[in-house]
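In: curious how this folds, go ahead:
(chains A, B, C and D)
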There are 2 protein chains.
Amino acid sequence: MSRTDTTRRGGRQGGRAGIRDVAAAAGVSITTVSDALNGKGRLPDATRRHVREVAERLGYRPSAAARTLRTGKSGLIGLTVTTYGDEPFTFTEFAYFAEMARAATSAALARGYALVILPATSQHDVWSNVALDGTVVVDPSDHDPVVTELVRQGLPVVSDGRPAGTLPVTAWVDNDHEAAVLDLLDHMAEAGARRIGLLTGTTTDTYTRLSTSAYLRWCERVGQDPVYEAYPAHDPCAGAVAADRLLARPDRPDAVYGLFDPNGTDLLAAARRYGLRVPEDLLLVCCSESTVYAATEPPITTLSLKPRRIGTAVVQLLIDAIEGVAADGPLERVIPTELIVRTSSQRRPPRRTVSAPRSPSSDRP
Amino acid sequence: MSRTDTTRRGGRQGGRAGIRDVAAAAGVSITTVSDALNGKGRLPDATRRHVREVAERLGYRPSAAARTLRTGKSGLIGLTVTTYGDEPFTFTEFAYFAEMARAATSAALARGYALVILPATSQHDVWSNVALDGTVVVDPSDHDPVVTELVRQGLPVVSDGRPAGTLPVTAWVDNDHEAAVLDLLDHMAEAGARRIGLLTGTTTDTYTRLSTSAYLRWCERVGQDPVYEAYPAHDPCAGAVAADRLLARPDRPDAVYGLFDPNGTDLLAAARRYGLRVPEDLLLVCCSESTVYAATEPPITTLSLKPRRIGTAVVQLLIDAIEGVAADGPLERVIPTELIVRTSSQRRPPRRTVSAPRSPSSDRP
DNA sequence: TGATCATGCAGAAACGTGCCTGCCAAGTGG
DNA sequence: CCACTTGGCAGGCACGTTTCTGCATGATCA
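Out: This next block holds a predicted model:
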């Protein structure tokens, strides 16, 4: 009946049925099939149901590539992670990144998008082989070539971590790292710390930079000499060595804040080697999302950056930008941090609890 | 010169230059541009260079959607994770999954592919909106609807974890969980364990099932009554409760193996509550990829499933299947596990070491 | 009763590539 | 001198959708 010759493919070629096959089987035109399946056009419910039934029977799945080509929307969001070293990107903040990626994936899926993991290296081969609607960039560096390339293509880019310099991102989400560090140092000072040390990184990313400068400013304000060790945070061994070095100094601190996730166990192990009791001789806080610090001996106070809230916020902002939703708020969103106070930062343990040692993660975004 | 009218789009429309614009600017045909950029056809180097230069100048990026539509290859690999509960998929083996995904991403990128994170729920909306060349399925359940749907579409599917029942996967990679558990229990018995307990899960996935049955068989072989507690592994609190319950039993074990990552710290905390010394009163082993167990007090023996090797192997097998490379080996690959023996499973600590407490991860794939 | 309009659907033009076919010129052996 | 190969490139079809346009048909209304 229709002039379109289906004889060429004879129903199906590569094993999959196309929209033409559905149209032929249902006795309608291609347009009607498309409209019926996408809920558009003006069709009576009878036709709509009939077409859907035939499509289901044939196992019809629309070609994502063709749809993307036609509509210009792929439903894919890039998740860019910075690569340290050469081949495998190491997430220094392992638990942080995993939680953040998990929340971002969830939020994207809830709105019909999927996440594609991509490296921050400007490998054109990979980047140009995937059609993206937008990209999430984690902790972009100054003048990131990937970001500038993406915005040049007109793609929205939302970053986790405020962009350094004049990086032209669409929006960003971040914690107030400086306020968090200042607050945390005050907390340790209130608990009796006289000289607070810092375990920091040698990298120049925003998180490390802001946290370190906040520490230095705090030291200046209270009149304490800074006591810190910096190490390449992507090296899993260097952290333990740096922790040991920090406690071996002649001007040994009586309290330490560690910027990275493994610092807590490393500092605890180093303290044991030097016979220091926690928290009696040494107060300990580290920035971590890991739940193991609730069950260590003693439990260690941690600063949570709320990666789940960050991940969802980043994706929401990005999809809003993709779909052209008027951003009903500022394009910068600051997520509050949370200091989870445990025994390691209190000179007098507040209360003996016999409840389950690990608290349920209660920050549902 | 060419009959193709570029006047319609006038160079560029959506901001991006197409292959037509490059052809017009270079004074050649579309075919020549395509051949020059893809290294095909028979073109003199002069033309090839010229076309590439013009393309570079115009900032030309080929449309991934059009290429996918034409070639049928998208360069995208799905990474399917099982979803527990409702919305966010929790990775019980958090570190395991993160490491495995990291290695898989790396291996895929090295061969020009990117990974798309997808949920195991058969949400047709998401799955049909992305063009995949193949899929990695982590720990598929019996008669997984997603897997059967995928193979019905003719897509290669490689699973992490041997498929249960008659699940028709293209290939799979797994550890020999039964051998690992038997080996590990022998190790504890040699260290002096008289009654070994097990902390296991209530889920029916292959890992839990095989490990538990191996434990039961071992108990039968050596004539010990099984002592185990099972809990829903996706609940972060239930593990601590189950660990406590296991050590509160009247037939309290003098050695425990925990199947899941957090079991180590949970068991350690429970042991402290009951005044049990590790390893003098209680031997401890758990399955984990986390490096924190090297720095706990005492360091805890862990069973590593080598997620990095598994992740790379899975991706290699999948891409081989996608590209039609003749599988030069069996389509089942068994990755050996590694028992990292530390203080918690040795009645007599072997040697006092003062080196850095965390060992460098030495399993480069 | 003829003009207007909503309804139900079909035709066909894109979207931007890849690649098959084919034309023209220059060299080449018989 | 001619058939024949070979290099160098252009035309045009196809991939499978979405969607704009438009043609019928019956209903409504002045």
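In: near chain B, which residues of the stretch 151-300 of chain A are found?
Out: A:152-154, A:236-237, A:239-241, A:244, A:262, A:265-266, A:268-269, A:272-273, A:290-292, A:295-297 (CB under 8 Å from any CB of the partner chain). All C-beta atoms are positioned from the backbone trio N, CA, C, and that covers glycine.
In: filter these down to the ones in helices?
Out: A:Arg152, A:Gly239, A:Ala240, A:Val241, A:Asp244, A:Thr265, A:Asp266, A:Leu268, A:Ala269, A:Arg272, A:Arg273 (DSSP state H).
In: need the per-residue pLDDT for the second one.
Out: Among the per-residue scores, A:Gly239 holds a pLDDT of 91.
In: do the fifth one as well
Out: pLDDT recorded at A:Asp244 is 96.
In: the nearest residue in space to it that is not next to it in sequence: neighbouring residues, count only.
Out: Counting by CB to CB, 6 or more residues apart in numbering or on different chains, A:Asp244 lies nearest to A:Ala270, which is 4.6 Å off, once chain neighbours are set aside. Other residues near A:Ala270 come to 25 when the count uses other CB atoms under 10 Å in any protein chain shown.
In: again with the one 4 residues further on
Out: Number of residues near A:Tyr274 (other CB under 10 Å) recorded here: 12.
In: tell me where the stretch 201-350 of chain A has helices.
Out: Using DSSP state H, counting those that start in this stretch, the helices of the stretch 201-350 of chain A run over A:206-222, A:238-248, A:263-273, A:307-322.
In: need the phi and psi values for the closest residue to A:Ala313 other than its chain neighbours.
Out: Leaving aside its chain neighbours, A:Ala313 sits nearest to A:Val173 (4.6 Å; criterion: CB to CB, 6+ apart). When read as degrees, to the nearest 10, the backbone of A:Val173 gives phi -130, psi 140.
In: isn't A:Cys219 up against A:Ser213?
Out: No. A:Cys219 sits out of contact with A:Ser213 when judged by CB atoms under 8 Å, with a separation of 10.6 Å.
In: the two - which one has more neighbours?
Out: Under the neighbour definition other CB under 10 Å, A:Cys219 and A:Ser213 were set side by side, and A:Cys219 has more, 18 against 13.
In: ok, the more buried one - contacts?
Out: With contact taken as CB atoms under 8 Å, 6 or more residues apart in numbering or on different chains, A:Cys219 is in contact with A:Ile196, A:Asp225, A:Pro226.
In: count the neighbours of the last one for me.
Out: Same thing as A:Pro226. Residues contacting A:Pro226 under the criterion other CB under 10 Å number 15.
In: same check, this time on A:Leu150
Out: 23.
In: give me the distance between it and A:Thr71.
Out: Using CB to CB, to the nearest Å, A:Leu150 is found at 20 Å from A:Thr71.
In: now swap in A:Ala26 and tell me
Out: 23 Å.
In: of the two, who's got more company?
Out: A:Ala26 (20 against 10).
In: pretty sure that one is touching A:Leu43, no?
Out: No. Between A:Ala26 and A:Leu43 there is no contact under CB under 8 Å: 11.8 Å.
In: what residues are shared contacts of the two?
Out: In contact with both A:Ala26 and A:Leu43: A:Thr32, using CB under 8 Å, 6+ apart.
In: thinking again about what came up before, show me what contacts the residue nearest to A:Asp244?
Out: A:Ala240, A:Ala243, A:Asp244, A:Leu246, A:Leu247.
In: tell me how far the closest residue to the second one other than its chain neighbours lies from DNA strand C.
Out: In this structure, A:Ala243 finds its nearest non-sequential neighbour in A:Asp266, 4.0 Å apart by CB to CB, 6+ apart. Relative to DNA strand C, A:Asp266 is positioned 50 Å away (CB to the nearest atom of the strand, to the nearest Å).
In: ok, A:Glu297 next?
Out: 60 Å.
In: assess the claim that that residue and B:Pro298 are in contact.
Out: No. At 10.5 Å, A:Glu297 and B:Pro298 do not qualify as touching, with contact defined as CB under 8 Å.
In: so, low pLDDT: which residues of chain A?
Out: A:1-15, A:83-93, A:122-124, A:326-330, A:348-365 (pLDDT under 70).
In: run a quick neighbour tally on the residue of the stretch 251-365 of chain A found nearest DNA strand D.
Out: Ranking the residues of the stretch 251-365 of chain A by distance to DNA strand D (CB to the nearest atom of the strand) places A:Glu323 first, at 13.4 Å. Around A:Glu323 there are 12 other residues, counting by other CB under 10 Å.
In: ok, A:Asp251 next?
Out: 8.
In: ok, for it, nearest residue in space, not its chain neighbours?
Out: A:Asp251's closest residue in space is A:Val227 (CB to CB, 6+ apart), at 5.8 Å.
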